[in-house]
Structures are given as C-alpha cells and as structure tokens.
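Student: Sequence below, structure please.
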Amino acid sequence: MILFFSSAALVLILDQISKHIVASSMELGSSIPVIKGVFELTYIRNTGAAWGILEDKQLLLQIFTALLMAGIVIYAVVSRKKMTRCELLSLGLILGGGLGNFVSRVIYGYVVDFFNIQIMPVFNVADIGITVGCAILVIVTLLSAKTEKPDGQ
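Tutor: Presented below is the predicted three-dimensional model:
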C-alpha cells in the first residue's frame, strides 16, 4: 500500500507545484517555445475535462471525480493482497492525477494546463499521471490475460 499512496502523493504534489509555478510566472494564454513548432509551455485554464468536454460543469466534474477516486481507494485497499506492485502503482498514479485536477477544480473552478504538444490538447502533470497509470494497467491486464490458462487445463 505504500507504493499506492506514495505514487499518488508524488503525482499530486508535482502537479500542484507545477500548476502554481505556471500560474504565478506566466500570463494567461502566453507560450514559451521549448521545441519550436512542436512543444511549448502554454498557460491555459481548462473549465472542462479532457479536450474541454463538460466545459463549465464543475459540480458534475467534482462529484464524478470524488466518486471515482473514492472507488479507486476502496478497490485498492480491499484488493491489495491480490494485486501486483504494477497494478498498485498504476492505480496510485491514476489517483494522484485525479486528485490533482480535483483539488484545482474545487479551489479555482478550473484546471491549469500548460504542456502543449502541437498534435494534442494542452495537458498537465495530473493528466500524465492518469495516462501513464491507465497505460500500465492496460499492459499488466493484457500480459496477465495471456499467462492465465483457460479453465480445465
């Protein structure tokens, strides 16, 4: 469980620090080129979820996120003895990312996004935690499904 909670805490802390640095050192809407034409740091405020869906539906997003995060914690605590370290890590990353964006929505009514790779929507550290956590969970699930033997063998 230490891995689960420490990975969640790490993502949450890094997310909140990075959002604070961006919001306090950049003008809203401004960009700093990192790799010209490919990657920039761009300060935006996202009042929706991924890709701006459910824009300005903060209460709905807050309730949904709180329920989902509570479900992840309950599942991890109840199932911890059956879960691998990779599964616990993946759920911790998802939890930390979800909490990072949840805290921002509750306090400010929006999420600070700033990583701007030209071929995708602008995102933040919490989004990275969620995405990497989901990717690890999918890979672990696919690999474990391949190694399981069908019933009767």
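
Student: all helices in this protein, in order from the N-terminus.
Tutor: For the chain, the helices defined by DSSP state H occupy 2-25, 58-79, 85-108, 125-147.

Student: Quickly compare those and say which is most buried.
Tutor: Of all the helices of the chain, helix 85-108 has the most neighbours on average by mean count of other C-beta atoms under 10 Å, namely a mean of 21. Just so you know, the C-beta spots here come from the backbone N, C-alpha and C atoms, and that holds for glycine as well.

Student: which secondary structure elements does it contact?
Tutor: With contacts defined as 3 or more C-beta pairs under 8 Å, 6 or more residues apart in numbering; DSSP states H and E, helix 85-108 has these neighbours: helix 2-25, helix 58-79, strand 111-117, helix 125-147.

Student: quick one: which of the ones you listed is nearest G97?
Tutor: helix 125-147 (3.2 Å; C-beta to C-beta).

Student: Dump the C-alpha coordinates for the closest one into CSV.
Tutor: Provided in CSV are the C-alpha atoms of helix 125-147 (Å, rounded to 0.1, in the frame of the first residue of the first chain):
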residue,chain,number,x,y,z
VAL,A,125,1.2,16.7,-14.7
ALA,A,126,-2.0,15.2,-13.3
ASP,A,127,-3.1,14.2,-16.9
ILE,A,128,0.3,12.5,-17.3
GLY,A,129,-0.2,10.5,-14.1
ILE,A,130,-3.7,9.4,-15.2
THR,A,131,-2.5,8.5,-18.7
VAL,A,132,0.6,6.6,-17.6
GLY,A,133,-1.4,4.8,-14.9
CYS,A,134,-4.0,3.7,-17.4
ALA,A,135,-1.3,2.5,-19.8
ILE,A,136,0.4,0.5,-17.1
LEU,A,137,-2.9,-1.0,-16.0
VAL,A,138,-3.8,-2.0,-19.6
ILE,A,139,-0.4,-3.6,-20.3
VAL,A,140,-0.5,-5.5,-17.0
THR,A,141,-4.0,-6.7,-17.7
LEU,A,142,-3.1,-7.8,-21.2
LEU,A,143,0.0,-9.6,-20.1
SER,A,144,-1.8,-11.4,-17.2
ALA,A,145,-4.6,-12.4,-19.5
LYS,A,146,-2.0,-14.1,-21.8
THR,A,147,-0.4,-16.0,-19.0
